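Asker: Structure for this input, please:
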Amino acid sequence: MTNYDAALGTQYTIRLTVTLTSQNIAANQSTVAWSLTAIKNSGSGFSNASPTPWNVSIGGTGYSGNIASYNFASYSSLLLASGSTTLTHAANGTLNPSVAGNWNPNNAPALAFGNASGSFPLPDIPRGPFYGTAGSYQRTLAHYGTGGSYQQVLVYYGSGGTWNLVGG
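Answerer: Next up is the predicted model:
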């Protein structure tokens, strides 16, 4: 779980929380959960009875909506939105998506527009070894057979900067 905080005026903080929930190795994808929260740091608390917009972007996938009303005199934090996003990694298994969340509560200067953002580096998804033919590379798996059935194995070793399949 990673929190991205930014000032939301002089008395409040906007917080985008992003958490890796799962990885699908076969599909080369990660799923992340996210939430956008406004936090009162000081003051008696502002309120507003008209809709105020929020926006979230996770790896280029955008979400938006409105909070119908709020009253920070009654609470110290307000969950604006939450959800989850499935992201596809690069062919080599890496992914470092940009994340951002903002809210415009229209009560400047104490409670004003704020945008929390950063990058959320995900663990690499392991990919199989590669072999090259005529200038192109393709992923391959080693197979072995016993008793009429075959199983896939990824057995390889590194030597001099190259990876070689053992017994391949």
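Asker: Walk me through the domains of this structure.
Answerer: Following automatic domain parsing, one gets these domains for the chain: 2-119, 130-165.
Asker: Walking through the chain, point out its helices one by one.
Answerer: Using DSSP state H, the chain contains no helices.
Asker: pLDDT score for P126?
Answerer: At P126, the predicted lDDT confidence score is 89.
Asker: Quick one: residues contacting it.
Answerer: I25, G93 (CB atoms under 8 Å, 6 or more residues apart in numbering). Backbone N, C-alpha and C define where each C-beta goes, glycine included.
Asker: cool, and T31?
Answerer: L20, T21, S22, Q23, N24, S84, T85, T86, L87.
Asker: Would you mind listing the residues in contact with the closest residue to the last one other than its chain neighbours?
Answerer: Spelled out, that is L87. Nearest non-adjacent residue to L87, counting by CB to CB, 6 or more residues apart in numbering: G59, 4.5 Å away. Residues counted as contacts of G59 (CB under 8 Å, 6+ apart) are T85, L87, L95, P97, S98, V99, F120.
Asker: OK, contacts around Y63?
Answerer: For Y63, the contacting residues are N55, V56, S57, A81, G83, by CB under 8 Å, 6+ apart.
Asker: Could you do T19 as well?
Answerer: T19 makes contacts with M1, T2, V32, A33, W34, as judged by CB under 8 Å, 6+ apart.
Asker: ok, the residue nearest to the spatial centre of the chain - contacts?
Answerer: Nearest to the geometric centre of the chain sits V32, at 4.9 Å (CA atoms, centre = their mean). Each residue near V32 by CB under 8 Å, 6+ apart is listed here: V18, T19, L20, T21, I58, S84, T85, L87, F120, L122.
Asker: any low-confidence regions in the protein?
Answerer: 108, 128-168 (pLDDT under 70).
Asker: if we go to 90?
Answerer: Applying pLDDT under 90 to the chain flags residues 9-10, 43-50, 105-112, 126-168.
Asker: just to revisit the earlier point, from the contacts of V32, list just the buried residues.
Answerer: Neighbour-count burial within the contacts of V32 applies to V18, I58, T85, L87, F120, L122; the criterion is 16 or more other CB atoms under 10 Å.
Asker: Next, format those as CSV and append distance to Y75.
Answerer: As requested, the buried ones among the contacts of V32 are exported to CSV (distance: CB to CB, whole Å):
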residue, distance to Y75
V18, 23
I58, 26
T85, 27
L87, 32
F120, 28
L122, 33
